[in-house]
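[1] model the following, please.
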Amino acid sequence: MPRLLTRTGNARQRIVIMSKMLLTEFYQLCEGGTCQDLLTEEEKRFVSNGGLILSGVMQRAEAQNGNGRVYPMRVLEREVENYKKLVKEKRALGELDHPESSIVNLANASHLVTDIWFEGKDVMGKIRVLDTPAGKTLRALVEGGCQVGISSRGLGTVDESSGAARVNDDFQLICFDMVSEPSTTGAFMMRESKEPNVWTKADKINRLLNDIVKD
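    Numbering: from 1, shown residues only. Below you'll find the model as predicted:
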């Protein structure tokens, strides 16, 4: 929250000092209930050997989200470009659940972001579920048909002078976590398959639920 300070002299001045806060946003992977087959040949081999890859919308620019905040396109473009460096170096880890911290806890790492890109104003991405304790829990939730979303975590301030909470240029993207709180109504996560038309029982249930919500 901003702190308000006043100084007494020839004229009283009102100075607003903004302090950065933790900003978290929630999205559902694979909006609309259907994932495109985005797998590379290497990823297909990974999945055929029992690996788990998820994909979908990870963030969105120039639209008010479920938390009432708007991320300017130029801010997200800059932060995604910076984040790509972590992806390239295989350091783009995320946690299961959302900690109230600006540090990624390796002991709770559940997944690795392997690709991130823009499609219009949507930030798209692919994540590989890790064979860690948290990753095994995430896999069990997905395979059990649980509704799991993805959430960005970052530091920054917001400007509410225009009525909407618009994120300022000082925003710094930290990571993407897997969470249970969706912000996109009717969006259920579907996992990537080596065959685009292969659906698990849980996938079919989620697709049916999606159709019911849309109607």
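[2] got a list of what Leu130 touches?
    109-112 (C-beta atoms under 8 Å, 6 or more residues apart in numbering). C-beta coordinates here come from the backbone N, C-alpha and C atoms, glycine included.
[3] need the residues you listed in JSON lines with secondary structure, can you?
    Below are the contacts of Leu130 laid out as JSON lines (DSSP: H, G, I helix; E, B strand; the rest coil):
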{"residue": "Ala109", "secondary structure": "strand"}
{"residue": "Ser110", "secondary structure": "strand"}
{"residue": "His111", "secondary structure": "strand"}
{"residue": "Leu112", "secondary structure": "strand"}
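[4] out of those, which is most surrounded?
    Neighbour tally across the contacts of Leu130 (other C-beta atoms under 10 Å): the maximum, 27 neighbours, falls on His111.
[5] list the contacts of it.
    So His111 contacts 54, 93-94, 96, 127-130, 135, 138, 178 (C-beta under 8 Å, 6+ apart).
[6] now do 7 Å
    94, 127-130, 135, 138, 178 (C-beta atoms under 7 Å, 6 or more residues apart in numbering).
[7] now swap in Gln172 and tell me
    79, 154-156.
[8] how about the residues you listed, which pair is most distant?
    Across the contacts of Gln172, no pair lies farther apart than Glu79 and Leu155, at 10.8 Å, counting by C-beta to C-beta.
[9] report the two of the contacts of His111 separated the most.
    So, the contacts of His111 by C-beta to C-beta: farthest apart are Arg128 and Met178, at 12.0 Å.
[10] quick one, helices of the protein?
    41-48, 73-88, 133-143, 201-214 (DSSP state H).
[11] among those helices, which is nearest Glu62?
    helix 73-88 (5.5 Å).
[12] of all the residues in the closest one, which ones are buried?
    75-76, 79-80, 83, 86-87 (16 or more other C-beta atoms under 10 Å).
[13] so what touches that helix?
    Against helix 73-88 from outside (C-beta under 7 Å, 6+ apart): 59, 61-62, 92, 113-116, 118, 121, 123, 167, 169, 171-173.
[14] at 8 Å what do you get?
    By C-beta under 8 Å, 6+ apart, helix 73-88 touches 59, 61-62, 92, 113-118, 121, 123, 154, 167-169, 171-173.
[15] filter those residues down to the buried ones.
    59, 61, 92, 113-116, 123, 154, 167, 171, 173.
[16] before we move on, back to that, could the contacts of Gln172 be laid out in a markdown table, adding pLDDT and distance to Leu39?
    Shown next, in a markdown table, are these (pLDDT from 0 to 100; distance: C-beta to C-beta, whole Å):
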| residue | pLDDT | distance to Leu39 |
| --- | --- | --- |
| Glu79 | 97 | 26 |
| Gly154 | 90 | 28 |
| Leu155 | 92 | 33 |
| Gly156 | 92 | 33 |
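[17] show me those residues that map onto strands.
    154-156 (DSSP state E).
[18] return the member of those residues nearest to Glu100.
    Leu155 (12.0 Å).
[19] from what I can see that closest one touches Ile174, true?
    Yes - the criterion here is C-beta atoms under 8 Å, and Leu155 meets it with Ile174 at 6.8 Å.
[20] with that, I have no additional questions.
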